[in-house]
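with the input below, show me the fold.
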Amino acid sequence: MNRSFRRLACAALLGGLPASLPAQQFPPIGPVKPGFPAGMVFTPSLRSVKVSWRAQVPNIRYSLSRSTDSTAGSGSDISGLIAETSFVDATLVQGTHYFYRVSAHFLDGRKMAMSTAAPFTLMKPVAVELPDLKKPVPVKKP
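Model (predicted):
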């Protein structure tokens, strides 16, 4: 940090800044980059899956993409820009292996970070024959 900036920072804290300052004395200030969305969790139901994740930075938007390929950059956006940290994907084909990625965006829509691909497969339901509980079950004597 250079001396002139330190002096300006001290003056600002004490409440007195010079009336005119050259612009080059101020460091560039920009928005903070959002962190990578993390902690992806899948909650399946019969025909859909709820994908949720942890927010790393407040006041950002997300988009969720899905593909059948784990290659970075592949996949299509299935959510649009959303503020929530979860999305229900109801367009799955049972038994197909998918890869999901969550992207973090600034409020103006610029993409800033993307998670790694997380795999998920919505399994086909398995038919299980349950015994008729109304009929007595024969007990074998030893």
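
could you pull out the strands for this structure?
In order along the chain, the chain carries the following strands (DSSP state E): 38-44, 49-54, 61-67, 76-77, 86-89, 97-105, 111-114, 118-121.

what is the rounded mean pLDDT of the shortest one?
Model confidence over strand 76-77 averages 92 on the pLDDT scale.

which residues touch it?
Contacts of strand 76-77 from elsewhere in the structure, counted by C-beta atoms under 8 Å, 6 or more residues apart in numbering, are 63-67. C-beta coordinates here come from the backbone N, C-alpha and C atoms, glycine included.

for Lys134, which of the strands of the chain is the nearest?
Counting by C-beta to C-beta, Lys134 lies closest to strand 38-44 out of the strands of the chain; the figure is 32.3 Å.

of the contacts of strand 76-77, which is the nearest to Ala90?
Out of the contacts of strand 76-77, the one with the shortest distance to Ala90 is Arg66. That distance is 11.7 Å, counting by C-beta to C-beta.

quick revisit: which among the contacts of strand 76-77 end up buried?
63-67 (16 or more other C-beta atoms under 10 Å).

and those residues as a markdown table, adding pLDDT and distance to Met112?
Shown next, in a markdown table, are those (pLDDT from 0 to 100; distance: C-beta to C-beta, whole Å):
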| residue | pLDDT | distance to Met112 |
| --- | --- | --- |
| Ser63 | 93 | 11 |
| Leu64 | 94 | 15 |
| Ser65 | 93 | 15 |
| Arg66 | 95 | 20 |
| Ser67 | 93 | 20 |
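
any chance of the residues you listed in TSV, plus distance to Gly95?
Rendered in TSV, the data for those read as follows (distance: C-beta to C-beta, whole Å):
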residue	distance to Gly95
Ser63	26
Leu64	21
Ser65	21
Arg66	15
Ser67	16
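
just name the closest of the residues you listed to Thr91, please.
Sorting the buried ones among the contacts of strand 76-77 by how near they are to Thr91, with C-beta to C-beta, puts Arg66 at the top with 8.5 Å.

show me what the closest one is bridged to.
In this structure, Arg66 has the following beta-bridge partners (DSSP bridges): Ser76, Tyr100.
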